[in-house]
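Asker: After the sequence you'll find the predicted model.
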Amino acid sequence: MPAAITTVTVPQLGVNDPFATVTEWLVADGASVSLGQPICVLETTKSTFELQCEAAGFLARLVPQGHEVAVSEPIALVGPDRAAVELARAAHTAAAAAGAAGAAAGADGAAAGGVRATEPARALAARLGVDLGLVPGSGILRERDVLAFHESRSAVTAAPRCSRRSTPRGVRS
């Protein structure tokens, strides 16, 4: 990659937070950015953080909003002009695709053990009696995912039931 291109990576935000989710992009793809300008909001299991740009230039996003990324993984590129940053993004995308193809060839298709969830989500699930394995979602499960799942199940079980008397009025059984 040319020396004029700066790679923006996910910083280590917490001791036990190996991943962060890009919850919001604050700068449009291809837009001009300045040094220190907040470019996105990152969320970990314990905190939310505005990531500031490490260079001035034009921004090229590498991951979509809502995507979970490992610490030290690239999320954007910043270059001196749009053409340079688009060329760098194309090279990065091609390299990432080649790496993913190699990883898929070596995978046996087995599911990863355990459910990834934030500590508050685990505590809420335990308190509500929710099995985290049944909660839909991609990436790390959060409190809102557990609560939405619990409320959807509660709405189904709390539906009113028709009651009929087994004996006619006035007849004692």
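Answerer: Perfect, I can see it now.

Asker: Give me the pLDDT value at the closest residue to residue 34 other than its chain neighbours.
Answerer: Leaving aside its sequence neighbours, residue 34 sits nearest to residue 56 (C-beta to C-beta, 6 or more residues apart in numbering; 5.0 Å). Backbone N, C-alpha and C define where each C-beta goes, glycine included. Per-residue confidence at residue 56 stands at 95 (pLDDT).

Asker: ok, now the one 5 residues further on?
Answerer: pLDDT recorded at residue 61 is 94.

Asker: Pull the contacting residues for the nearest residue to it once chain neighbours are set aside.
Answerer: Closest residue to residue 61 apart from its sequence neighbours, by C-beta to C-beta, 6+ apart: residue 29 at 4.7 Å. Contacts for residue 29 (C-beta atoms under 8 Å, 6 or more residues apart in numbering) come out as 59, 60, 61.

Asker: how does it look with 10 Å?
Answerer: 58, 59, 60, 61, 62, 64, 76, 85, 89 (C-beta atoms under 10 Å, 6 or more residues apart in numbering).
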